[in-house]
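**Q** A predicted structure for the sequence below; I have some questions about it.
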Amino acid sequence: DDSEGLLLIYVFFFLSPGSKKDLETRLLAIDDNLRTTTMAPILRSTPLVALLVLQISLLFFASTLPISSGSEDSNTITGRVRIPASTAIGHAAKFSNIKVVLNGGQNISFLRPDGYFTFHKVPAGTHLIEVYALGFFFSPVRVDVSARHHGKVQATLTETRRSLTELVLEPLRADQYYELREPFNVMAILKSPMGLMVGFMVVVVFLMPKLMENIDPEEMKRTQEELRNQGVPSLSSLLPASP
Amino acid sequence: MAIRVSLLLLVFLSSAVVSFSLYEDQVGLMDWHQRYIGKVKHAVFHTQKAGRKRVIVSTEENVVASLDLRHGEIFWRHVLGTNDAIDGVDIALGKYVITLSSQGSTLRAWNLPDGQMVWETSLHSAQSSKSLLSVPINLKVDKDYPILVFGGGYLHAVSAIDGEVLWKKDFTAEGFEVQRVLQPPESSIIYVLGFLHSSEAVVYQIDSKTGEVVAQKSMVFPGGFSGAISSVSSDKVVVLDSTRSILVTIGFLDGDINFQKTPISDLVENSGNAEILSPLLSNMLAVKVNKRTIFVRVGGEGKLEVVDSLSDETAMSDSLPVADDQVAFASAHHEGSKIQLMVKLVDDLDTVLLRESIEMDQHRGHVDKVFINNYIKTDRSNGFRALIVMEDHSLLLLQQGAIVWSREEGLASVTDVTTAELPVEKDGVSVAKVEHTLVDWLKGHMLKLKGSLLLASPEDVAAIQEMRMKSSGRSKLTRDHNGFRKLFIALTRAGKLFALHTGDGRIVWSMLLNSPTKSEACERPSGINLYQWQVPHHHAMDENPSVLVVGRCGSDSSAPGVLSFVDVYTGKEISSSDIGHSVVRVMPLPFTDSTEQRLHLIADTEGHIHLYPKTSEALSIFQREFQNVYWYTVEGDDGIIRGQGMKSSCAGETADEYCFTTKELWTVVFPSESEKIISTLTRKPNEVVHTQAKVSTDQDLLYKYVSRNLLFVATVSPKGAGEIGSVTPEESALVVYLIDTITGRILHRLSHQGCQGPVHAVFSENWVVYHYFNLRAHKHEVTVVEIYDQSRAENKNVWKLVLGKHNLTAPISSYSRPEMFTKSQSYFFAQSVKTIAVTSTAKGITSKQLLIGTIGDQILALDKRFVDPRRTLNPSQAEKEEGIIPLTDSLPIIPQSYITHSLKVEGLRGIVTAPAKLESTTHVFAYGVDLFYTRLAPSKTYDSLTDDFSYALLLITIVALVAAIYITWVVSEKKELSEKWR
């Protein structure tokens, strides 16, 4: 799946406007960023791959949706936040408390009842969109507004490096802010250090005398003698004195 | 793959690492949260319909909110972006709240009951201009009555139903400024009056359906207009001419324009410059002249006559239609300690509908704004309620001669915070009845035990919760053994000091700053900063601690400063003084005099330094340390950092012996074409470092380079100084420096290519952590830099230590050549950040946590171990045992470690930490539009029992053990006896 994600990133870079040199430096830049992934060196090398990528890119090009409209310097980014109903347990997933933030606070937008949001007057370039909703974690989204293609928008989730065909943002996970109290469990108590100690004590108190009883008193005496001779601190003093 | 691995690791780590976490039933035990909205700018009442009565307000903190008119609680609120200031607010169609913001370019409609945004429209704007919102009054859902918005040179007609722009008219070419829009009912013609180049009045008649100009008339006024405009009736406005001495009445009935000039000197004798006040009164206007507010009635033919005059401290409301075509307005002013609220009819000022005098706290200042609303009483007469905004930004609702509710909205604009101790408990004062009787105490603990074993019924749980909330006198006004009870002293933008109790967040005292001279130029100084002036703990124990408030008369940095000393226990001002020079910088020195008053230096704009307190003792202490006082100045615009030292007393220029001159020691100049300073930071001066040495895994010693004189500077390419989307990776680079502020030596330089600000940093002990944006990866990044001292690295040899041949006791001097090395590491971070702070404890032993205020207004506690440059991909067994976490490419965001749990500190601006007496614990106070406080234990409370500790369980165990011992003893006795009988 990772390679696919990478391909998509490459696709985007082929589409983005700019000179060829610019493109190369960007490619290098992305390689730099992906230094942690093992796939990068494989893809970096041959022109054949580049050609392949180009072809795929054309395929994808047809399928990308124009999510923006507008003239020169004032494009509009429209997207949608969707919260799956099933994950919204415990948190009232109210749209009225969700904020969408462009470029780290440059603009803040709110959601309409249907989940749509809009940023107006966005210049062409690469932007960052973040969604803040209590109870959910959203990946930030890299949004590229193309200057050439009338504000065509390309979106990529920066956390998973997954590119989006539509700007529909879904939470990566639901956040649980509180620890859950473990229900009362006998086994948990027994397994805890205190429980183990108590268990050991019980064994010593109740089982050891029984064991002692089984041992022949003569033999017992003899071992005690032996121990005394060896000068080892005797265990017998700790045990209840046998009659 | 890597991602998956890192995710796996993350899951693994999140279970392994001790993080701040809270059970849901512990909410409110240690933390409190207060919600505010800020100083109210506009208020619109919504009381017509049966049901919940509310008032819609917009504030200077860019908040639009709906408040409960009965109790003052917030139904809903929205905090808009920082550059999205609200220009106007109104209610349309009886169900939508309409806000106009961003200089008239964004129009939003919010659902009145629940605050859900219904629609949003971006309006064209070409230039900055004043903005105007006109919402039709009638409730008919009709496209013939659109919302009219003027802003940025365009007039827009917007449908109230869906926000669709029906038409727009471009006025940019002509430079036309719309002043008044008139929509006569039952007419499809809109009259738009405006000024062209402030000298020509133009009236457009526009078809409200199509936006076409039907007719246009203009007339040149040779004198030119200036200042505010007051519309006195539907077809008349009054404006001042450019000399501010003539009132011009402009009538534009049916599209005809006529001027009528009335010199103010005809109305008032010896008039100076006049100013038209904003309230909208019908057929009347309020003019401020000669420090009086005069009411001028506008007659039918534009004739003006003065009908009343009041003192200029009177606040007035807009006029409000009451029954029988009458129009009333409210005025409020101070009389001694009371507020006089009057509601009068506009047509007949002698008819006073309401006269109330209400006792008011002096520390609220005078009345700033009044909004009135009427209601029909049971005897069919008119009743009035008035919403008033005071000088300290507080919001009060007055009704029937009493304050129904009040909100301390000043706390929404906290500018500086410091902490203070509470008084020590006196012997005579009995300890409040905290623990009642032993039986109650045991009962309580039995309940707790039940709760912890999850055997409690819901009623029990409620009882436990209530017990915890009230328990252990956490809101007592005395010092406690653990230092959990403290005061946070907050200075607000309005110049008011608040003392907040850490236990429950209540206001212990509040005080509005006063000008010492009560001079005209400085009626109310604005507070700048807050310092701990006197903290008695060894000597002078009978003195109360006090704080120093540094204020300024006016907004200009060269305005004269004001010092105010406030007693922390009582909240009374001990003294205040006009210091007669400006305040650029205040430097607390690490010296105190015999009464434990801290010495402070204040730098003024002329390059002089002034010593406070002005006593001979302070002077002698200072002169002893004269050569060792250094400081630096940062000139952000020029990219210069200057180091300064003390030179001599400025005796040659003034006779003031507490004044000193300075000399420049060094300068660091950043090339302005490639670097621009965006952030500077030093360590907190009062931070405690427990140990200088750090033992690494291979039994090696590392010595932290701990210096108070380190300055962290971040610069960015001038192109990259803007917002994120404005620059490409190639054009921007971020460079950070560590500079010694005594010598100006650059100790470390680190450059991040393809990165840009904003930089949020935190500096503690020997490390800096900073957050910035990586343009290449298009992610936020966090970098840690740790500084270690190389010169002490040779002290590992035991023999050297034994023979005393070590340099551990040698003083660190900034002038010696620093031998230091740094370690750094970078990680991705998945959120934008507003501010970063670090926990601080009494002795500095407890490990530290970073407190990251995210742009979602939550605060995340991140263990310092996650930002440790010694992290590697595969830590060895020894490293793991030491607590080194395997390296991941991004920092984990564990939901349980949000210290704000399911709350938000809306509009978060700063986080302040302060140590408690108990080493494990630290106070955290976050401020923004909201306030939030909690107590943190970064390594858990290792030095005290938690609140959860069950004494009952301990007791029961002991009793059970004693019983068991006794029983077994009896049993063994019996057995022995029977053995002997055998």
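**A** The structure has been received and is ready for your questions. Numbers count the residues shown, from 1 in each chain, chains lettered A, B, ... in the order given.

**Q** Just the pLDDT for B:Leu341.
**A** Looking at B:Leu341, its pLDDT is 88.

**Q** what's near enough to touch it?
**A** Listed by Cβ atoms under 8 Å, 6 or more residues apart in numbering or on different chains, the contact set of B:Leu341 reads B:330-332, B:354-358, B:370, B:386, B:388, B:398. For glycine as for every other residue, the C-beta is placed from the backbone atoms N, C-alpha and C.

**Q** Now the phi/psi pair for B:Tyr966, please.
**A** phi -60, psi -50 (degrees, to the nearest 10).

**Q** can you tell me how far it sits from B:Arg385?
**A** Noted for B:Tyr966: a distance of 73 Å to B:Arg385, by Cβ to Cβ, to the nearest Å.

**Q** Just want to know which of these two has more residues nearby.
**A** B:Arg385 (20 against 10; other Cβ atoms under 10 Å in any protein chain shown).

**Q** can I assume the more buried one is in contact with B:Ala402?
**A** No. Using Cβ atoms under 8 Å as the test, B:Arg385 is too far from B:Ala402 to be in contact (10.8 Å).

**Q** who's in contact with B:Ser311?
**A** With contact set as Cβ under 8 Å, 6+ apart, B:Ser311 has these partners: B:291-293, B:333.

**Q** pretty sure A:Ser96 is in a helix, no?
**A** Yes. Counting by DSSP: H, G, I helix; E, B strand; the rest coil, A:Ser96 is part of a helix.

**Q** Quick check: chain neighbours aside, which residue is closest to it?
**A** Among residues not flanking A:Ser96 along the chain, B:Gln116 sits closest, at 4.2 Å (Cβ to Cβ, 6 or more residues apart in numbering or on different chains).

**Q** what's the neighbour count on that neighbour?
**A** Counted by other Cβ under 10 Å, the residues lying close to B:Gln116 total 19.

**Q** measure B:Val583 to chain A for me?
**A** According to Cβ to the nearest Cβ, to the nearest Å, B:Val583 and chain A sit 30 Å apart.

**Q** Tell me, how many residues neighbour that residue?
**A** If you count neighbours by other Cβ under 10 Å, B:Val583 ends up with 23.

**Q** Please name the residues that touch it.
**A** Contacts of B:Val583 (Cβ under 8 Å, 6+ apart): B:528, B:550, B:552, B:561, B:602-604.

**Q** try 6 Å
**A** B:550, B:561, B:602 (Cβ atoms under 6 Å, 6 or more residues apart in numbering or on different chains).

**Q** starting at the chain centroid, how far to the helix or strand hosting the second one?
**A** Looking back up the chat, that one is B:Gly561. Using DSSP states H and E, B:Gly561 sits in strand B:560-567. Mean-position distance between strand B:560-567 and its chain equals 21 Å (Cα atoms, centre = their mean, to the nearest Å).

**Q** Direction included, what does that strand pair against?
**A** Paired with strand B:560-567 in the same sheet, following DSSP bridges, are strand B:546-552 (antiparallel), strand B:573-582 (antiparallel).

**Q** Can you say which of these is packed in most?
**A** strand B:546-552 (a mean of 24; mean count of other Cβ atoms under 10 Å in any protein chain shown).

**Q** avg pLDDT for it?
**A** 89.

**Q** What lies in contact with that strand?
**A** Under Cβ under 6 Å, 6+ apart, the answer for strand B:546-552 is B:489, B:513, B:525-534, B:559, B:561-562, B:564-568, B:574, B:583, B:586.

**Q** Buried residues of stretch A:159-173, list them for me.
**A** Using 16 or more other Cβ atoms under 10 Å in any protein chain shown as the test for burial, stretch A:159-173 gives A:159, A:161, A:163-164, A:167, A:169-171.

**Q** swap in stretch B:260-276?
**A** For stretch B:260-276, burial by neighbour count (16+ other Cβ under 10 Å) applies to B:260, B:262, B:264, B:267-268, B:271, B:274-276.

**Q** and the end-to-end length of that stretch?
**A** End-to-end span of stretch B:260-276 (Cα to Cα, to the nearest Å): 16 Å.

**Q** tell me the two of the buried residues of stretch B:260-276 that are most distant?
**A** Pairwise distances across the buried residues of stretch B:260-276 peak at 19.8 Å for B:Gln260 and B:Glu275 (criterion: Cβ to Cβ).

**Q** How about the residues of chain B by chain A?
**A** B:2, B:21-24, B:81, B:115-117, B:122, B:453-454, B:723-725, B:729, B:776-779, B:830, B:832, B:855-856, B:889, B:895-896, B:898, B:901-902, B:979 (Cβ under 6 Å from any Cβ of the partner chain).

**Q** May I see the ChimeraX selection of the buried members of those?
**A** Buried members of the residues of chain B next to chain A can be picked out in ChimeraX with the line below, counting by 16+ other Cβ under 10 Å:
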select /B:21,22,81,115,116,117,122,723,724,725,729,776,777,778,779,830,832,855,856,889,895,896,898,901,902
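
**Q** Sort out for me which of the residues of chain B next to chain A are in strands.
**A** In strands, defined here by DSSP state E, the members of the residues of chain B next to chain A are B:117, B:122, B:779.

**Q** Just give me the closest of those to chain A.
**A** B:Ser122 (3.4 Å; Cβ to the nearest Cβ).

**Q** Would you agree the closest one is in contact with A:Thr118?
**A** No. Shown here, B:Ser122 and A:Thr118 do not form a contact pair, counting by Cβ atoms under 6 Å, at 7.5 Å.

**Q** Now the element after whichever strand or helix holds A:Thr156, going C-ward?
**A** For A:Thr156, the host element (DSSP H and E) is strand A:153-157. Downstream of strand A:153-157, the next assigned helix or strand under DSSP H and E is strand A:163-164.

**Q** For that next one, give the mean pLDDT please.
**A** Strand A:163-164 comes out at a mean pLDDT of 82.

**Q** Just after it, pick out the following helix or strand.
**A** strand A:168-169.

**Q** Next, see if the following helix or strand past that next one gets close to chain B.
**A** Using DSSP H and E, the helix or strand that directly follows strand A:168-169 along the chain is strand A:173-174. No. Counting by Cβ under 6 Å from any Cβ, chain B is not contacted by strand A:173-174; separation bottoms out at 8.3 Å.

**Q** pLDDT at residue 50, what is it?
**A** Unless you meant another one, I'm taking chain A. Note on A:Ala50: pLDDT of 43.

**Q** wrong one, chain B
**A** 66.

**Q** what separates B:Ile956 from chain A, distance-wise?
**A** In terms of Cβ to the nearest Cβ, B:Ile956 sits 14 Å off from chain A.

**Q** Could you list the low-pLDDT ranges of the stretch 201-350 of chain B?
**A** B:227, B:253-255, B:270-271, B:278-279, B:300-302 (pLDDT under 70).

**Q** closest point of it to chain A, which residue?
**A** For the stretch 201-350 of chain B, Cβ to the nearest Cβ, closest residue to chain A: B:Gly211, 21.0 Å.

**Q** Is B:Val248 in contact with B:Lys236, as I believe?
**A** No. Counting by Cβ under 6 Å, B:Val248 stays clear of B:Lys236, with 10.9 Å between them.

**Q** Which parts of chain A are helices?
**A** For chain A, applying DSSP state H gives helices covering A:2-15, A:20-33, A:40-44, A:47-63, A:186-191, A:193-202, A:208-214, A:217-230.

**Q** Rounded mean pLDDT for the second one, please.
**A** Model confidence over helix A:20-33 averages 38 on the pLDDT scale.

**Q** And for the last one?
**A** Summarised as a single mean, pLDDT over helix A:217-230 is 80.

**Q** Which elements pack onto it?
**A** Helices and strands touching helix A:217-230, by 3 or more Cβ pairs under 6 Å, 6 or more residues apart in numbering or on different chains; DSSP states H and E: there are none.

**Q** about what we covered before: would you mind giving the buried residues of stretch B:260-276 as JSON lines with secondary structure added?
**A** Converted to JSON lines, these look like this (three-state DSSP):
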{"residue": "B:Gln260", "secondary structure": "strand"}
{"residue": "B:Thr262", "secondary structure": "strand"}
{"residue": "B:Ile264", "secondary structure": "helix"}
{"residue": "B:Leu267", "secondary structure": "helix"}
{"residue": "B:Val268", "secondary structure": "coil"}
{"residue": "B:Ser271", "secondary structure": "coil"}
{"residue": "B:Ala274", "secondary structure": "coil"}
{"residue": "B:Glu275", "secondary structure": "strand"}
{"residue": "B:Ile276", "secondary structure": "strand"}
